[in-house]
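K.L.:
This is a predicted model, with the sequence first.
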Amino acid sequence: MSVTIYHNPRCSKSRETLALLTERGVDPTVIEYLKTPPTVAELTAILAQLGMAPQDLVRKKDAKEAGLDLTVSTEQLIAAMVAHPAVIERPIVVANGKARVGRPPESVLDIL
């Protein structure tokens with residue numbers, strides 16, 4: 001099973017989710033998305049796997065600080081999220097064709 005975590009090591013929930021995965025014997029591919037942001041295609045696929053609109057995956061406070069307009073089109077917002085990855089909610093775990101946001105960390109267990 002291939003498991004990927006979009007991780008921010010400075011985020012406590014992201015660290016907790018990564019620890020939970022490793023405690024369960026999962027050796028995920030770790031993508032520090034602030035250093036290596038997802039592409040537009042990757043983020044679009046992740047949103048589909050989450051079953052979420054891009055507005056639902058945006059950290060509102062960070063978006064406001066970045067000056068992002070959340071009322072733009074879906075394509076424009078996804079492009080803005082890729083350009084400003086700090087606004088993307090974290091962590092995101094992708095496994096078995098599904099994705100979950102690790103808030104709380106245990107929420108990722110149902111896709112393993």
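P.N.:
Noted; the coordinates are in hand.

K.L.:
From the centre of this protein outward, give me the first residue you hit.
P.N.:
Nearest residue to the geometric centre of the chain (CA atoms, centre = their mean): Ile92, 3.4 Å.

K.L.:
list the contacts for that one?
P.N.:
Taking CB atoms under 8 Å, 6 or more residues apart in numbering as the contact definition, Ile92 lies against 5-6, 33, 46, 50, 99-102. The C-beta positions use only the backbone N, C-alpha and C, and glycine is treated the same way.

K.L.:
State the phi and psi torsions of the residue in the chain sticking out farthest from the centre.
P.N.:
Most distant from the centre of the chain: Gly25, at 21.2 Å, with distances by CA atoms, centre = their mean. Here is the backbone geometry of Gly25 (degrees, to the nearest 10): phi 80, psi 10.

K.L.:
tell me which helix or strand of the chain sits lowest on mean pLDDT?
P.N.:
Every helix and strand in the chain was compared by mean pLDDT, DSSP states H and E; the lowest is helix 60-66, with a mean of 92.

K.L.:
moving C-terminal of that one, what's the next helix or strand?
P.N.:
helix 74-83 (DSSP states H and E).

K.L.:
list the buried ones in that following helix?
P.N.:
77-78, 80-82 (16 or more other CB atoms under 10 Å).
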